[in-house]
Each structure stands twice: as structure tokens, then as C-alpha cells.
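1. Here you go, sequence then predicted model.
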Amino acid sequence: MGVKAALPRYEIYTYNVVLCLAMLWAARWIFDISSSNCSRKTFKSSVQPGWYYSGRKMDTADVEWMMWFSTFREHIVFALSGHVIFAKICSLLAPQYRSLVYLVYGALAVFCSMGWTYVALILSHCVLLYSISLVKLRWLCFLAGLTTLATFKMEPFISWQNCERKDGNYSILELLKYNFYLPFFYFGPIMTFDKFYLQANNPDLTRKDGEMWNIVVKALLHVGIITFVGVLLHFMYILTIPSDMKLLKHVSDWAVVGLAYLNLVYDWVKAAVMFGVINTVSRLDHLDPPKAPKCITLLYVFSEAHFDRGINEFLCKYVYNYLGGKHDNIVDELIASLCTYGITALWLGPSWVVFIWAFFNCFGLNFEMWTAKFFTMEPFISIEMAISDSMSRRIRAVFNTFNFWMIVLYNVLALNSLEFAKLVAKRLLLKGFPFTTITVMFVTYCLIQLIKERERRQALIDDPDPIPPPPPVPPVIQEEPVAPQTEEPIKPKSE
């Protein structure tokens, strides 16, 4: 079945209507729960007075969002504005030294915000990694990187809070520039060292036509999204409700399922906004940062279920693709996925919840590969060849529906808690069976079909079907004009 398989237009319209109605229905349940329980004792620590003119309390359970856009908003805006101003002045006067200005300003900003102890910790890591990289043993560099990464998740380092070159060596100054580049320092996104080195030291600072306009439009878009999320947190306490298990026992299945889904969407929106703000600043510095993370709504296969594009690029380049090869061998794929998720667990901070999340995602990735190989065998391949492309797309969407909820449950486990993930699974598969299960799966099936339709349209843009040549036109035989025949006068016979 090709990605370009189309469905009838009325069928796509039906999927849109069903999905919109289901989302509105779940949102209505969550709004009612938020309005009627805003004064609960368990909500006092996270549901606090919000904007004065809204007349409602605000969900402040997400510390990261509140730190960015409420608590330290002025400090962050001041620091990033200073970075943009000094970088622009340097780009105009001495563009060859702009990466050095990034280092000096970033180090000063980190020193003012975190103190000398944290700066000393980062410097010690840089010196250690640079010294080991001079040996040019890849495994030793990788081991040293994992060790230094682990120190950020251990005490006392918590309270205080690469790349290969075959010819010659990078300067340690370049490593310091990379680590102390302020926009990427605190929240990312992750940009690999080789790309940062080339772009930060590129003397050509010309821009494409319309590039500044696109930067301004994206900045305004991020401001609009921040405002929208702030309004949403005043009316739907989607972050606080999952922590109150007593309340969740009395709410409907639709509300529980909607909470699980909206928590994932919110986490993606938060990361997209924070990465988007940072990307906008870095584009003013003539860098090309990684794109925004993939929308969780568009993920229905584990092979595409990565979040941060920079981290995914790093892991695929140095771990997953390096160990997995062509990803056609089951044993190699298992080893590659185990190592990849092991490093990811170390990156996120080792804990039982993270280990469980990594195990289930690793299992889902391998199970997906086993299933794909199984259905390429007979008689399944012959059956798929016998049916139409549209019917094959519908059948695949049914299997993708269950895959989608596996991804949702595994990520809810990491974002919320094990208890909330177990409650969602129980309501969806056991207590809510068969009505809730069938209804939710049908709505999810509609969502999957809309995702596939979006992929189909994008595929037609990226790889348009060749235009068939026009049918040959038979040659027109033009007859030569015949001259009009005139009767010759009758001549008398000669004697």
C-alpha cells in the first residue's frame, strides 16, 4: 500500500466531523470538572489566582512553563534581548568574532544566574571531554560523555544547578563556544557540535529573501500561542486533575481519556513554544537550528515516535543506526534499540518511571518491526495485493489505532505518574469495555485516517505523480488542392 492511496472525499469529511465532536465533548467534561472542583484542598498548591481580568484561578502545576512565562519571564527576556543586541552589533562590526561574543555573553549570563559553582562544573566537563578527545578513541570519548552526563543527575551536582574530527583537533575554545551559547544553554534544542561549528564560524551573513519577515511572523505566532495556553490553563486544569486520584475515580471515562490525550498535546505545545522562541533568537544569529518537535498527535508508529529532533539525530547517528545497520536483522535491531533507550534513560535521569517508560517504548519499537516482518509473509502479502489501495489503508489504520494508544499510555507514564497511566488503561480497556473502548478506538481511527490524508497530500507535493503524456494525435493528411477543370473548346477537324 502506497502512502498516496486516496479515500473518497465524503469519507474524509465524516472523519473530520467525528473527531471535532469528540474533542468538544471531552473538553466540555474537563471544563465542568475544573469549574466545580477549583476549591478542592488538593488543588490549593497548584491552582492559584490567575490573571486579574479573567476572574478565574490558573493551573500552575507545570513548573517549567511558569518559570519561563511567569516567574522568570522578565529575566529571560532581558538576557535573550541582550544576546540579540550584542550579537547584532558584532555581526555588523566584526562578524568573524561573533562566535567569541556568544561565548563571553553566555558565560557571563550563566555566571549571573547560576553562580560560579555551576560555571566551574561546566568548565571542568569541557576540559575533561576535550582532553580525552585528543586521544581520538571513539569508545573512550563516548564513555566519558555518558559519565559526565550521569553527573548532572547525581548529588551534589544536581544542587549545583561531540563530535569527531579526523584531521587535526578542534580548539577547546570552540567547545566552550558551543557549551556557553546562551539560547541553547538551558532548554535546548540540541544542536550537534559539527553543525554549530560550521554555522557559527561562517563569515557569510547574508539572508534569503523574506527570511526576516518569516522570523517576525514566527515570533508573533509564538506570542499568540503563549497567550492561548495561558487562557486555557485558566479554564481547564489539565495538569492538576491527573494528580488527584480520588477525584478521577468519580469522573467519566471520556474525561479520563481526554485528560491523557490533552496532557500529551500540552507537553508538545510547551516544547514547541520554548524551542520556537529559542530558534527565533538563534536564527537572528544566522544559525539553522533543529525544527520544532514532532506533534504527538501525528505519531502512530514507534519508529517515528521521537520528540526532540536534535537528540534524535544524535542518537540515530552515533547509536541506533551505528549498531542497527540497515535495521533488517531482529537481533541487531534489539541491541540497537536497547542501547538507544538506555542512553535516553540516562539522559532523562535514572528512575523507575523512566526505566519502565524506556522498556515499553523499546518493546513497542521491536514489536512493530516483528509485526511488519510477519505480515510481509504469505498469505498476507498476497491478500494485500489482491485488495484495493484504499481498503489496505483502512486495514492498516485499524492496527495503527491500537499502536497510537500504546504510545499515548507509555508517554502518559513519563509525563504524569504510574497511577494515572494505570487508571487510563483500566478505564479504556477494562472498565469501559465495550462502549468506551469501541467509541474511543473509532474516534482514534478517524484521527489516524486524517493523519494519513495529511501524509498523502505532503507526498504528492514532495513527489508528484508524473503527468502522463498526451495520447498521440493521428496525423492529418492534407490533400493537394485540385485545380478546376475547364472544358477545352472543340477544334474543327482538319481535312
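-> Thanks, I have it. Residues are numbered from 1 along each chain as shown.

2. Please identify the buried residues of the longest helix seen in the chain?
-> Ranked by residue count and defined by DSSP state H, the top helix of the chain is helix 253-284. Burial within helix 253-284, assessed by neighbour count using 16 or more other CB atoms under 10 Å, is assigned to 253-264, 266-284. For glycine as for every other residue, the C-beta is placed from the backbone atoms N, C-alpha and C.

3. So, low pLDDT: which residues of the stretch 151-300 of the chain?
-> By pLDDT under 70, the low-scoring segments of the stretch 151-300 of the chain are 151-169.

4. hey, where'd the helices end up in it?
-> Listed in chain order, the helices found in the stretch 151-300 of the chain under DSSP state H, counting those that start in this stretch are 172-179, 182-185, 193-200, 211-235, 245-248, 253-284.

5. With the stretch 351-495 of the chain instead?
-> So, for the stretch 351-495 of the chain - with DSSP H, counting those that start in this stretch - the helices run 352-374, 380-386, 389-415, 418-425, 435-462.

6. The longest helix of the chain: what's the following helix or strand?
-> helix 309-315 (DSSP states H and E).

7. Need the residues that contact that following helix.
-> 188-192, 289-294, 306, 340, 343-344, 347 (CB atoms under 8 Å, 6 or more residues apart in numbering).

8. Now which of these would you call buried?
-> Going by neighbour count (16+ other CB under 10 Å), the contacts of helix 309-315 have 188-192, 289-290, 292-294, 306, 340, 343-344, 347 buried.

9. picking up where we left off before, would you turn the helices of the stretch 151-300 of the chain into a markdown table with distance to residue 64?
-> Listed next are those as a markdown table, based on distance: least, CB to CB, whole Å:
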| stretch | distance to residue 64 |
| --- | --- |
| helix 172-179 | 21 |
| helix 182-185 | 15 |
| helix 193-200 | 24 |
| helix 211-235 | 12 |
| helix 245-248 | 23 |
| helix 253-284 | 7 |
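
10. Tell me which of those helices lies nearest to residue 460.
-> Minimum separation from residue 460 across these (CB to CB) falls at helix 211-235, 24.1 Å.

11. Who are the packing partners of the closest one?
-> helix 9-36, strand 57-59, helix 253-284 (3 or more CB pairs under 8 Å, 6 or more residues apart in numbering; DSSP states H and E).

12. That helix relative to helix 253-284, how many degrees between them?
-> If you take axes from the mean of the first three to the mean of the last three CA atoms, to 10 degrees, helix 211-235 sits at 150 degrees to helix 253-284.

13. ok, back up a step: ok, the contacts of helix 309-315 vs residue 370, which is closest?
-> Nearest to residue 370 among the contacts of helix 309-315, with distances taken as CB to CB, is residue 340, at 17.3 Å.

14. Assumed the closest one was part of a helix.
-> Yes. With DSSP: H, G, I helix; E, B strand; the rest coil as the criterion, residue 340 is part of a helix.

15. what's the spacing between it and residue 140?
-> Distance of residue 340 to residue 140, computed by CB to CB, to the nearest Å: 20 Å.

16. Find the nearest non-adjacent residue to residue 292, please.
-> Distances taken as CB to CB, 6 or more residues apart in numbering put residue 272 closest to residue 292, at 4.5 Å, once the chain neighbours are dropped.
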